[in-house]
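>>> Coordinates only, no sequence provided:
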């Protein structure tokens, strides 16, 4: 009975605090409604208007003060679980977004974020991204009470919003001083006047003097470490930007014909928008590294060519394109490439976030709370290996370097990608010298050149290894070994090098089929390379690839498979990982060998 009474008492206490928390939430919601009605309704009512009236910056201070008072009365977690708080934070972002660009440029240094001498993407110009966090919160995050998102918001309300309030207050005081209004505290006014002097210098100067003024500003302005706001903003923006790229691609692909000037102009306008969304300021390096098959750099270069065509000399080309005077341009082919781009983006989003981004974001936010972040932690590209000075000096004296000094100069300095052509020319020279040296009486010069060629060749292979950041170490080693062992079969070597360097010229269905054909002729064991082949456009699980590879796979395991359903899986479902494709090929060959009657019924399988 005593235990029962204790359990009953605990239940009553829990119920009491639950009711208290619920009442706190309701009272807070009512207070927010009254606060908005008394002065902030106009801010929300004008959001749908194209041309909105300006809003004084002090409005943001009033909202932050109201949130701080609510935190004191009801607690940070009560406010964190309230949708009314989210709407207030959207209002704060809205006020910042409505300020003049010159205002944001002048005071951007007050909220900038730095980690290890690297500036992070958070500023007064990115408060529109922060607004997305709260506007799309139910679509992106698990907003239930007790979730990682709710805990992060609680920390933001408790720790980061007071910092933001202090910084915004300093900005407001500076604006008052600029307008000639005295401040209530004379001592504080002296400090603000001194800060104003450095702000003016940082705004008007450039180079070293500007950097010195900025250093003084950072010494005066309190450090604004807004990690929670910054991380949430970046997470949401990456996901939403990928969706917007997909939307823009769909719009461009929906253009039915290109017979009119307006249709061609619409196509180019869409390409500018896609390229703009693909820039560094819109997509983090974390997401880019997760999507190595998407040509981000080329999309940005196309955008630059269109936006700055007069500067780069492309104006005549695009004038002819829009005017329909260049018959060599095939818009439909461009649309097909955009279709491939859209497919890759969808597959990459599925790979990172799956069907419900809330699950992945919840995991990432929990890692943030645990101090072991996953999002934003990108593999750092190692320093590209450099060619040793003695080898470089020798190589510059060789006949091969003198044949094309520009090409080889760029090659050994890392300005161009390592290609099969470069390696092939080196290999030919090495083989010729190795055969020539034993027949020479004085072979010192030839041996010196041979050492130079071998040193450069070794350097280029090391460059390939260091640059293959999108592959695992085992896959990189595998592709290097395959390319070296089958170097005299160009399609094998070129395709492996394409996978290592992500050279899109070789990662096409055409080159994939050439690779398969050459590999079959060379009796190449595909098991060496299957771990990496799915990086290419041509899926390893496609019928033609399976048919070509089938004779060279030796069955060892998994002999009891349900036939028709498994074949359907292999030839209709894209395999999400490299290892699954390897298993598909092995299992398919096993099933075919056990069920020869079914194999003969498939037209693409030859005995």
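On my side now, so go ahead. Fair warning: this is a prediction, and the values are worked out from it, not measured in the lab. Numbering: from 1, shown residues only.

>>> which of the residues in stretch 478-486 are buried?
478, 479, 480, 482, 483, 486 (16 or more other C-beta atoms under 10 Å). To be clear about C-beta, it is placed using only N, CA and C from the backbone, and glycine gets the same treatment.

>>> so the third one touches residue 466, yeah?
No. Under the contact definition of C-beta atoms under 8 Å, residue 480 does not touch residue 466, with a separation of 11.3 Å.

>>> can you tell me which of the buried residues of stretch 478-486 lies nearest to residue 462?
residue 480 (9.8 Å; C-beta to C-beta).

>>> Specify the local secondary structure of that closest one.
The three-state label given to residue 480 by DSSP: H, G, I helix; E, B strand; the rest coil is helix.

>>> which parts of stretch 45-61 are buried?
So, applying 16+ other C-beta under 10 Å, buried residues of stretch 45-61: 55, 57, 59, 60, 61.

>>> ok, so of those, who is nearest residue 266?
residue 55 (34.6 Å).

>>> Look at that closest one and give its secondary structure.
From three-state DSSP, the assignment for residue 55 is coil.

>>> Contacts only, for it.
43, 94, 95, 98 (C-beta atoms under 8 Å, 6 or more residues apart in numbering).

>>> for the stretch 1-150 of the chain, what spans make up the helices?
2-37, 41-45, 58-74, 76-80, 83-97, 101-107, 127-135, 137-140, 148-155 (DSSP state H, counting those that start in this stretch).

>>> should've said the stretch 351-500 of the chain
357-369, 389-395, 399-403, 405-412, 420-436, 444-467, 473-485, 490-501.

>>> from the middle of its chain, how far away would the last one be?
Distance, stretch centre to chain centre, for helix 490-501: 25 Å (C-alpha atoms, centre = their mean, to the nearest Å).

>>> likewise the fourth one?
The chain centroid and the centroid of helix 405-412 are separated by 31 Å under C-alpha atoms, centre = their mean.

>>> Show me what it is packed up against.
helix 389-395, helix 399-403, helix 420-436, helix 444-467 (3 or more C-beta pairs under 8 Å, 6 or more residues apart in numbering; DSSP states H and E).

>>> coming back round to it: buried subset of the contacts of residue 55?
43, 94, 95, 98.

>>> Would you reformat these as a markdown table and include pLDDT and distance to residue 498?
Formatted as a markdown table, the buried ones among the contacts of residue 55 follow (pLDDT from 0 to 100; distance: C-beta to C-beta, whole Å):
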| residue | pLDDT | distance to residue 498 |
| --- | --- | --- |
| 43 | 75 | 54 |
| 94 | 92 | 48 |
| 95 | 92 | 51 |
| 98 | 91 | 49 |
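
>>> Which of the helices of the stretch 1-150 of the chain comes out lowest on mean pLDDT?
Of all the helices of the stretch 1-150 of the chain, helix 2-37 carries the lowest average pLDDT, namely a mean of 62.

>>> Distance-wise, check residue 359 relative to residue 141.
Residue 359 sits at a distance of 10 Å from residue 141 (criterion: C-beta to C-beta, to the nearest Å).

>>> er, residue 364 I mean
For residue 364, the distance to residue 141 - C-beta to C-beta - is 10 Å.

>>> For residue 340, which of the helices of the stretch 1-150 of the chain is the nearest?
helix 137-140 (27.1 Å).

>>> What is the burial count for the nearest residue to residue 126 once chain neighbours are set aside?
Leaving aside its sequence neighbours, residue 126 sits nearest to residue 233 (C-beta to C-beta, 6 or more residues apart in numbering; 6.4 Å). By other C-beta atoms under 10 Å, 22 other residues sit near residue 233.

>>> Residue 233 sits in which helix or strand?
helix 227-253 (DSSP states H and E).

>>> okay if I get the contacts of residue 55 as JSON lines plus distance to residue 430?
What follows is the contacts of residue 55, written out as JSON lines (distance: C-beta to C-beta, whole Å):
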{"residue": "43", "distance to residue 430": "72"}
{"residue": "94", "distance to residue 430": "66"}
{"residue": "95", "distance to residue 430": "68"}
{"residue": "98", "distance to residue 430": "66"}
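
>>> which of those residues lies closest to residue 506?
residue 94 (48.7 Å).

>>> Now do the contacts for the closest residue in space to the closest one that isn't next to it in sequence.
Distances taken as C-beta to C-beta, 6+ apart put residue 43 closest to residue 94, at 6.1 Å, once the chain neighbours are dropped. Counting by C-beta under 8 Å, 6+ apart, residue 43 touches 55, 59, 91, 94, 95.

>>> Between those residues, which sits nearest residue 500?
Nearest member of the contacts of residue 43 to residue 500, counting by C-beta to C-beta, is residue 94, at 47.6 Å.

>>> same for the host helix or strand of residue 216, what does it pack against?
Residue 216 is located in helix 207-220, with elements delineated by DSSP H and E. In terms of contacts (3+ C-beta pairs under 8 Å, 6+ apart), helix 207-220 is packed against helix 186-204.

>>> and the helix it packs on, which residues are buried?
192, 195, 198, 199, 201, 202.

>>> What of stretch 290-303?
290, 291, 293, 294, 295, 296, 299, 300, 302, 303.

>>> Stretch 451-460 too?
452, 453, 454, 455, 456, 457, 459, 460.

>>> from the chain's centre, how far out does that stretch sit?
35 Å.

>>> before we move on, back to that, what would the buried residues of stretch 478-486 look like in TSV with pLDDT and distance to residue 51?
Below are the buried residues of stretch 478-486 laid out as TSV (pLDDT from 0 to 100; distance: C-beta to C-beta, whole Å):
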residue	pLDDT	distance to residue 51
478	78	59
479	81	56
480	85	59
482	83	61
483	85	59
486	85	64
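
>>> Now distance to residue 447 too, for those residues, in a markdown table please.
Shown next, in a markdown table, are the buried residues of stretch 478-486 (distance: C-beta to C-beta, whole Å):
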| residue | distance to residue 447 |
| --- | --- |
| 478 | 33 |
| 479 | 32 |
| 480 | 27 |
| 482 | 30 |
| 483 | 27 |
| 486 | 28 |
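
>>> Residue 121: which of the residues you listed is nearest?
residue 479 (33.5 Å).

>>> ok, the residue most central in space within the chain - contacts?
Nearest residue to the geometric centre of the chain (C-alpha atoms, centre = their mean): residue 287, 2.3 Å. By C-beta under 8 Å, 6+ apart, the residues touching residue 287 are 238, 242, 352.
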